[in-house]
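Colleague: Here is a sequence together with a model predicted from it:
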Amino acid sequence: MINERLNTDFPGALSPTLLSDNKELDLIPLQSIGSKISRAINLLSDDYYSFGKLIQENYNLSKQVVNTLIDITGLVSDAELKSELEVLSSTIGHLAEIFMSFKEESSLKENNLLSIQMSLLSIISTIENYTKIVKHLRVLGISTKIENARLGAEGTGFSTIAGDVERLSEVINEKALQINHRSKILVSDVKEIITKIRILGQEQKKESELLVEEARLSLSSYQLSYNSSFESAGLIRDTSSKISSDINSLIALIQIQDIIRQQLEHIKENLESFSSSSSNVKLRTDCDMTLIKQLIAVCQLERAQVIHTKDEIAETASLIEKYNQNISLNANKILEHSGDFLSSHETASSIQAIDGNLSAVSGSLEKGQHINESLASAINALAGTMADSNRFVFEIEEIGAEIELIALNARIKAAHLGQEGAALGVLSQEIQKLSLEAKELSIEISGGLQKVLNATEKLIISNKNDQKTIEQEFKSIDGSLKNSLFRIKDSNSKLDSLKRELNFSLKEMKEKLDLMNEGLKYNFDVLGEITSVEQILEDYLSFALSEGIETSHEDKEYLKNLSSSYTMNSERKIHQSLLGKSENSSSAPEDTAAGDFLGDNIELF
């Protein structure tokens, strides 16, 4: 596009009629070429320095971009950050295991409590047998009193035995009622504890599964962004290399502008050299033909040099625009890819979600600890109640032993009475039998209560160990989580800062590229001046053609003296071509590679 614009013909300042009526060739247009070329050189110099300054600034910016990208790549590929992500993932998995373990422990506690509940219900059922014993003892006591009344004086002492039996039956009944009442309270307490454990288990199962899953999803989202950032960093690194390459190409092109300036200076010097060789501003065709032919030879040479310079200006401007566009496009690509880096908002959201979920998990664990504490308190109270109940059982057992002793005394007295005491002997035997039943029943209930007490004590120890384990694991996990989240937040903060630096550098680079594109318009002004120079030279050549003036080899010999000012191989080639010599006959060494503009500048290289 720029090439087409630059190749558009410019309306040059056409010289007036060169040949006057008295056959005099005017040299003033030739002499005006110097000022035109000077203006073109000044424009190129201004362009060279302003472009050079912008390119130097962009070169420094590109180094900043590369350094920033190195930092970004290092950050998103940091082994420590990867390790923290793995630790975080492992910690979340560990939390899930803790909840699963907690669920299993709760289920085990529930089963143990159900077993205790069944034992207590069995004890309550067994206590009902005390009621039967009490009823029988009461009947036997009444029967003993009746028999004592029948015997009269001979039954003296049996009334005391009957009273003792009634009194002790009441004591048994009272203690049995207390055991029964306490056992029912225990059953109620156990049911309440089981209900709490079930509710806690359901709540924690629901909360833990949800919270851990949400934490995993948030972490997965972060890891996807992290992986995308790592890939983007590689793409950006490759793109930044292209920018650096294009900037290097721009530096070469700006140096070509300096070469073009030198070429214009040589054209100006050669034309001024001819102008100064003539003392007149006009040449007569009748007496100055030798000078006129030399002038035409110079015009032929410099016209070829001007055309070559115009082509270089057009090509250089076109390439500058091309590389500017490439740099701008690649800068846009980097900005686009940098958007794939972990965005501060999204990443902060993911980290905040993980932090929030894990805090909720911690809260759930703490809630479990509180319930465990209340469970421990309830189990301890349960154990205390069972200890009291067991004491009552021991008292009943002692009462049974006392009744047995009373029954034994009654049998001895009945035996002394002989046949008259036979009925009392039977009653005494029944009382003794009931005392044995009461004793056996007490032993059975005592064994059941002891069994429940042992199970309760084991539950207390287990619950205490569970609390300690959960507390230790929770402290360990909480510390690990806080450490991992802090490092991830810190990395995200650094990455966000680097992204801002990157975007700022690229935007500034694009602004300078826009200024360079804006500066290309000066090439049109340069081209206008050079086209005007070309038109003047064309006028002299047109004059020679119309007048039939042809230059000979001798006329062109004058051009040999001009070759000493050349510093570029391209200038020498044009010069040699006009003199009719082959390129290989040049005394200057061939030091330019194909397509290497900078190699054309012998003076610089």
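Modeller: It's in. Residues are numbered from 1 along each chain as shown.
Colleague: Let me see the ranges of the helices in the stretch 451-600 of the chain.
Modeller: For the stretch 451-600 of the chain, the helices defined by DSSP state H, counting those that start in this stretch cover 521-547, 553-556, 569-579.
Colleague: scratch that, the stretch 1-150 of the chain
Modeller: Applying DSSP H, counting those that start in this stretch to the stretch 1-150 of the chain gives helices spanning 2-6, 28-76, 79-151.
Colleague: Same list (the ones you listed) but as TSV, adding mean neighbour count, mean pLDDT and distance to residue 252.
Modeller: Just so you know, the C-beta spots here come from the backbone N, C-alpha and C atoms, and that holds for glycine as well. Formatted as TSV, the helices of the stretch 1-150 of the chain follow (neighbours: other Cβ atoms under 10 Å; pLDDT from 0 to 100; distance: least, Cβ to Cβ, whole Å):
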stretch	mean neighbour count	mean pLDDT	distance to residue 252
helix 2-6	16	41	17
helix 28-76	18	80	10
helix 79-151	17	76	40
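Colleague: Of the ones you listed, give the one that comes closest to residue 500.
Modeller: When the helices of the stretch 1-150 of the chain are compared by Cβ to Cβ, helix 28-76 sits nearest residue 500, at 9.7 Å.
Colleague: just checking, what packs against that closest one?
Modeller: Helices and strands touching helix 28-76, by 3 or more Cβ pairs under 8 Å, 6 or more residues apart in numbering; DSSP states H and E, are helix 158-277, helix 289-338, helix 422-519, helix 521-547.
Colleague: Check the burial of residue 580 by counting its neighbours.
Modeller: 8 (other Cβ atoms under 10 Å).
Colleague: Would you agree it is in contact with residue 553?
Modeller: Yes - using Cβ atoms under 8 Å, residue 580 is in contact with residue 553, at 7.4 Å.
Colleague: got a markdown table for the helices of the stretch 1-150 of the chain, with distance to residue 159 too?
Modeller: A markdown table is the format used below for these (distance: least, Cβ to Cβ, whole Å):
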| stretch | distance to residue 159 |
| --- | --- |
| helix 2-6 | 139 |
| helix 28-76 | 103 |
| helix 79-151 | 5 |
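Colleague: In this protein, what helix or strand scores lowest on average pLDDT?
Modeller: helix 2-6 (a mean of 41; mean pLDDT, DSSP states H and E).
Colleague: my hunch is that residue 286 is in a helix, does that hold up?
Modeller: No - looking at residue 286 with DSSP: H, G, I helix; E, B strand; the rest coil, it is coil, so not inside a helix.
Colleague: Of the helices and strands packed on helix 28-76, which is nearest residue 560?
Modeller: That would be helix 289-338 among those, by Cβ to Cβ, at 10.8 Å.
Colleague: Just want the angle from that closest one to helix 28-76.
Modeller: Here the directions of helix 289-338 and helix 28-76 differ by 20 degrees (axes from the mean of the first three to the mean of the last three Cα atoms, to 10 degrees).
Colleague: From the chain's centroid, how far away is helix 289-338?
Modeller: 49 Å (Cα atoms, centre = their mean, to the nearest Å).
Colleague: try stretch 450-466
Modeller: Centroid separation for stretch 450-466 versus its chain: 48 Å, with Cα atoms, centre = their mean.
Colleague: and it, what's its mean pLDDT?
Modeller: If you average the pLDDT over stretch 450-466, you get 75.
Colleague: Name the residues of it that are buried.
Modeller: Neighbour-count burial for stretch 450-466, with 16 or more other Cβ atoms under 10 Å as criterion, is recorded at 451, 452, 453, 455, 456, 459, 460, 463, 466.
Colleague: Excluding residues flanking it in the chain, which one is nearest the fourth one?
Modeller: Excluding the flanking residues, the one nearest residue 455 by Cβ to Cβ, 6 or more residues apart in numbering is residue 116, at 5.4 Å.
Colleague: got a list of what the one you found touches?
Modeller: For residue 116, the contact set (Cβ atoms under 8 Å, 6 or more residues apart in numbering) comprises 190, 382, 452, 455, 456, 459.
Colleague: One more: residue 183?
Modeller: 120, 123, 124, 127, 389.
Colleague: hmm, try it at 6 Å
Modeller: Contacts for residue 183 (Cβ atoms under 6 Å, 6 or more residues apart in numbering) come out as 120, 123, 124.
Colleague: How much space separates the second one from residue 394?
Modeller: In other words, residue 123. Noted for residue 123: a distance of 15 Å to residue 394, by Cβ to Cβ, to the nearest Å.
Colleague: cool, the first one as well?
Modeller: When distance is defined by Cβ to Cβ, residue 120 is 18 Å away from residue 394.
Colleague: Quick one: residues contacting the nearest residue to residue 137 once chain neighbours are set aside.
Modeller: Excluding the flanking residues, the one nearest residue 137 by Cβ to Cβ, 6+ apart is residue 169, at 3.7 Å. Residue 169 makes contact with 134, 137, 138, according to Cβ under 6 Å, 6+ apart.
Colleague: pLDDT value on residue 169, please?
Modeller: 78.
Colleague: about what we covered before: what would the helices of the stretch 451-600 of the chain look like in TSV with mean neighbour count?
Modeller: Formatted as TSV, these follow (neighbours: other Cβ atoms under 10 Å):
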stretch	mean neighbour count
helix 521-547	20
helix 553-556	14
helix 569-579	19
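Colleague: Which of those sits closest to residue 267?
Modeller: helix 521-547 (7.6 Å).
Colleague: Show me what that closest one is packed up against.
Modeller: Packing partners of helix 521-547 (3 or more Cβ pairs under 6 Å, 6 or more residues apart in numbering; DSSP states H and E): helix 28-76, helix 289-338.
Colleague: May I see the buried residues of stretch 298-315?
Modeller: In stretch 298-315, the ones that count as buried by 16+ other Cβ under 10 Å are 298-306, 308-310, 312-315.
Colleague: Considering those, which is situated nearest to residue 434?
Modeller: The shortest approach to residue 434 among the buried residues of stretch 298-315 belongs to residue 315, at 128.7 Å (Cβ to Cβ).
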